[in-house]
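[1] Build me a structure from this.
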Amino acid sequence: MNHRIAVLALALIAASAASAAEGERRFLIPANDGYGLADCLEAGSSCGGVVANAWCEAKGYRAAVAFGRADPADVTATLVGTSRGRAPVYVVTCMK
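    Here you go, the predicted model:
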């Protein structure tokens, strides 16, 4: 009986985490994208929230929930090229 309750609890936790993530999407944006977004998406910039929200709205989402430099583990060589002077990559997380 306790085993069934534990399994049910884990299933409910997994389902709630999946449903929360369904409404979000992360976009990786290279600093050299040509739009000049990097200046505003850098930490401490006063225009970051405005630019991140505009990016999300342009993609059909309601608003940004997070933005900033991407974790290097999230970035592939395809996105930044293979040169030594790689531009940073930024991430914007949008919600429905």
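[2] and the gap between residue 90 and residue 22?
    23 Å (Cβ to Cβ, to the nearest Å). Every C-beta, even on glycine, is put in place using the N, C-alpha and C of the backbone.
[3] Neighbour count for those two, which is higher?
    Comparing residue 90 with residue 22 by other Cβ atoms under 10 Å, the one with more neighbours is residue 90, at 24 against 9.
[4] OK, contacts around the more buried one?
    By Cβ atoms under 8 Å, 6 or more residues apart in numbering, the contact list for residue 90 reads 28-31, 37-38, 41-42, 67-70.
[5] Just flag the most distant two among those.
    28 and 42 (15.2 Å; Cβ to Cβ).
[6] So for stretch 22-33, what gets flagged as buried?
    The neighbour-count check on stretch 22-33 (16 or more other Cβ atoms under 10 Å) flags 27, 29-31 as buried.
[7] can you list contacts of stretch 64-79?
    Against stretch 64-79 from outside (Cβ under 8 Å, 6+ apart): 24, 26, 28, 30, 41-43, 48-49, 51-53, 55-56, 88-95.
[8] Just those residues: which are in strands?
    With strands defined by DSSP state E, the entries of the contacts of stretch 64-79 inside them are 24, 26, 28, 30, 89-95.
[9] so which of those comes closest to residue 62?
    Once Cβ to Cβ is applied, the member of the ones in strands among the contacts of stretch 64-79 that ends up nearest residue 62 is residue 95, at 5.8 Å.
[10] Isn't the closest one up against residue 63?
    Yes - at 6.2 Å, residue 95 and residue 63 qualify as touching, with contact defined as Cβ atoms under 8 Å.
[11] what sits in contact with each of these two?
    residue 56.
[12] what about residue 66, which helix or strand?
    Residue 66 is part of strand 63-69, with elements assigned from DSSP states H and E.
[13] Kindly calculate the angle that that strand makes with strand 24-30.
    40 degrees (axes from the mean of the first three to the mean of the last three Cα atoms, to 10 degrees).
[14] what angle sits between strand 63-69 and strand 89-95?
    Using the same axes, to 10 degrees, strand 63-69 lies at 160 degrees relative to strand 89-95.
[15] where does the chain have low pLDDT?
    Within the chain, the ranges that satisfy pLDDT under 70 run 1-21, 77-86.
[16] Alright, calling it a day.
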